[in-house]
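Asker: predicted structure and sequence below. I'll ask about it afterward.
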Amino acid sequence: MSDQRQSEDILKIIEETSEKVDRRVKFYRQWNAYLLVINLIASTVATLLAGGMAAKVADRANRVGGWQIGCGIVAALTAIATITSGLYQRLKTSDHLTSGVPCSAQLKALRFSLLASETDINDVKSQYRKILEKYGNYIT
């Protein structure tokens, strides 16, 4: 097989792998942002409501009012914050981003070196194998 044909084949493989990694990175970036924002909002609002209700309950200890509804809202927001924390830990979004971003960068650099210069095809294959060894669990 000619060097040109091998270069085209390995370039296609690198581009497909890079696209796959980029999709995963995008997915985990989005989920990372969603989960953190939801968690922050739910936790903050629950804390503010609970603090406000505690002040009212202490102020009006003998009266029964709408604080039961407020407690229900605080409980729901706290549950949402707990669920998003659990999802964040379970999905391991930060771990995936820690692997995905450098993997993507290395694939792009390899693609660039293949397109921009007279790089030895065997050297490109070797570098690609190293990327697969290092990030294989992320790529597959």
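Answerer: Yes, it's here.
Asker: after the helix or strand that residue 74 is a member of, next one along is what?
Answerer: Assigned by DSSP states H and E, residue 74 belongs to helix 67-91. Next along the chain after helix 67-91, taking DSSP H and E as the criterion, comes helix 93-116.
Asker: coming back round to it: okay, buried residues for the helix holding residue 74 please.
Answerer: 67, 70, 74, 77, 78, 80, 81, 84, 85, 88 (16 or more other CB atoms under 10 Å). C-beta here means a position set from N, CA and C on the backbone, and glycine is covered the same way.
Asker: could those go into JSON lines alongside pLDDT and distance to residue 13?
Answerer: Formatted as JSON lines, those follow (pLDDT from 0 to 100; distance: CB to CB, whole Å):
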{"residue": "67", "pLDDT": "65", "distance to residue 13": "63"}
{"residue": "70", "pLDDT": "72", "distance to residue 13": "58"}
{"residue": "74", "pLDDT": "81", "distance to residue 13": "53"}
{"residue": "77", "pLDDT": "85", "distance to residue 13": "48"}
{"residue": "78", "pLDDT": "87", "distance to residue 13": "48"}
{"residue": "80", "pLDDT": "89", "distance to residue 13": "43"}
{"residue": "81", "pLDDT": "88", "distance to residue 13": "43"}
{"residue": "84", "pLDDT": "87", "distance to residue 13": "37"}
{"residue": "85", "pLDDT": "86", "distance to residue 13": "39"}
{"residue": "88", "pLDDT": "82", "distance to residue 13": "33"}
